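Engineer: fold the following for me, if possible:
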Amino acid sequence: MKFNTRTIHGGQEDTDPAYGAVMSPIYQTTTYRQSTPGGHKGFEYSRSGNPTRAALERSLASIENGNFGLAFGSGLAAIDAALKLFRSGDEIISTNDLYGGTYRLFTGIFEQLGIKFHFASMHEPGGIEQYINKNTRMIWVETPTNPMMNIIDIEAMVRIAKKHKVLLAVDNTFATPYLQRPLELGADIVMHSATKYLGGHSDVVLGALVVRDQDLAEKLHFIQKASGAICGPQDSFLVLRGIKTLHLRMQRHCENGEAVAKFLRDHPKVGKVYWPGFEDHPNHDIAKKQMSGFGGMISFTTVEDTLQSAVKLVEKLKVFTLAESLGGVESLAGHPASMTHASIPKEERAKTGIVDSLIRLSVGIEDEEDLINDLKQGLD
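Structural biologist: Okay, here's the model as predicted:
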């Protein structure tokens, strides 16, 4: 099946053998009848497995072209599970420009448990080799990064990871499998905050991991079962429903994103615009190679380059909603320094370009003209 078909049918064959329901039912149950001790139909307790969650996990594996999907209570719960593969003394190399919640989890939780993190620029992949040693266990990549939209060469990172026999994990939240599929490029683990584009309607919090290797999948499933950071059947149903329109929504996100990015770049009150579709965007050629489009995420600064100018603008927007998160059908505007990335120290934010005048847009699927007019009235 091609991708658009897989969003609807991938992993969903015979989801309801009892009645033939077209949509996977919501199995709102904690436990399952057994015919004899240990004799069951594949499910025994909903922490270890639930039919609705299993349907979602099969869908996740299908759209990422993986073999095994795991669904969690949030994106951070998914990252938490991936980090539990390691132990005190291990080292991880991470993108230096990454989501504030990921940074907080790395430094506030796992660093305290003895795992060492190196936060490095990955614009030039070879630059990370200086951090690799006998204790290195994983390279953690976001691409495009949040919020600076930096593009990292996944295939180059795969070569480095394989050379040093370490795992490569890719946060694919911004691009989604509609635009790029890291497992096809050789990555070991793909992570999603399915709260965002996969769910797509700002009504559910959920996270996911997708892998191809069976041994790695079994280790992650053990962690999932033992730690219990699972998602419920209702949330699983909502994300499964969202995935069925992912291809249609992403097409419009990309179209609107391009129109908004070009409008912003031409506006005299806008400073820098960060969007991978521009030919002069850093690593634009890599984005063209590994992505099928450039998405609906955009960051930009005001020409005044002050906190006050950014705050004033986001407060005046009417179609764009001032809110955290991204990837829903509605357009959102956020101020990373005081919202999504506030947990990162200011001096560290500044190193990656997250200045006080930076605004991040999640461009939705509304009418393009309404979005541009809203930005115009806010800027004017």
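Engineer: just to be sure, E155 is in a helix?
Structural biologist: Yes - assessed by DSSP: H, G, I helix; E, B strand; the rest coil, E155 belongs to a helix.
Engineer: how far away is it from K289?
Structural biologist: 8 Å (C-beta to C-beta, to the nearest Å). No exception for glycine: its C-beta is placed from N, CA and C like everyone else's.
Engineer: what are the ranges of the strands in this protein?
Structural biologist: 68-72, 91-95, 116-120, 136-142, 167-171, 189-193, 207-211, 270-274, 297-302, 321-322, 332-334, 358-362 (DSSP state E).
Engineer: let me see the mean pLDDT of the shortest one.
Structural biologist: If I follow you right, that is strand 321-322. Average pLDDT, strand 321-322: 98.
Engineer: contacting residues around that strand?
Structural biologist: For strand 321-322, the surrounding residues in contact (C-beta atoms under 8 Å, 6 or more residues apart in numbering) are 314-315, 330-334.
Engineer: check contacts around T352.
Structural biologist: 96-97, 148 are the contacts of T352 under C-beta under 8 Å, 6+ apart.
Engineer: for D305, same thing?
Structural biologist: Neighbouring residues of D305 by C-beta under 8 Å, 6+ apart: 271, 355, 357.
Engineer: hmm, try it at 10 Å
Structural biologist: Counting by C-beta atoms under 10 Å, 6 or more residues apart in numbering, D305 makes contact with 271-272, 355-358.
Engineer: re the thing from before, can I get the contacts of strand 321-322 in TSV with distance to K196, pLDDT and neighbour count?
Structural biologist: Output for these, formatted as TSV (distance: C-beta to C-beta, whole Å; pLDDT from 0 to 100; neighbours: other C-beta atoms under 10 Å):
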residue	distance to K196	pLDDT	neighbour count
V314	19	97	20
E315	24	97	11
E330	12	98	14
S331	14	98	24
L332	10	98	21
A333	15	98	23
G334	13	96	24
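Engineer: adding distance to R181, write the contacts of T352 out as JSON lines.
Structural biologist: Output for these, formatted as JSON lines (distance: C-beta to C-beta, whole Å):
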{"residue": "N96", "distance to R181": "24"}
{"residue": "D97", "distance to R181": "22"}
{"residue": "M148", "distance to R181": "23"}
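Engineer: most surrounded residue in those residues?
Structural biologist: In terms of neighbours by other C-beta atoms under 10 Å, those top out with D97 at 27 neighbours.
Engineer: thought it was touching G353?
Structural biologist: Yes - if you go by C-beta atoms under 10 Å, D97 and G353 touch, sitting 7.4 Å apart.
Engineer: anything in contact with each of those two?
Structural biologist: Shared contacts of D97 and G353 (C-beta under 10 Å, 6+ apart): 145, 147-150.
Engineer: low-confidence ranges in this structure?
Structural biologist: Along the chain, no part satisfies pLDDT under 70.
Engineer: what's the domain layout of it?
Structural biologist: Domain assignment for the chain by automatic domain parsing gives 3-243, 246-379.
Engineer: quick one on the thing from earlier: filter the shared contacts of D97 and G353 to the buried ones?
Structural biologist: 145, 147-150 (16 or more other C-beta atoms under 10 Å).
Engineer: between these, which is closest to R212?
Structural biologist: The closest of the buried ones among the shared contacts of D97 and G353 to R212 turns out to be T145 (C-beta to C-beta; 24.1 Å).
Engineer: for the residue nearest to that closest one when sequence neighbours are not counted, list the residues it contacts.
Structural biologist: Spatially, and ignoring its direct neighbours in sequence, T145 is nearest to D97 (4.3 Å; C-beta to C-beta, 6 or more residues apart in numbering). If you count contacts by C-beta under 10 Å, 6+ apart, D97 has them with 103, 119, 121-123, 142-150, 152, 341, 344, 349, 351-354.
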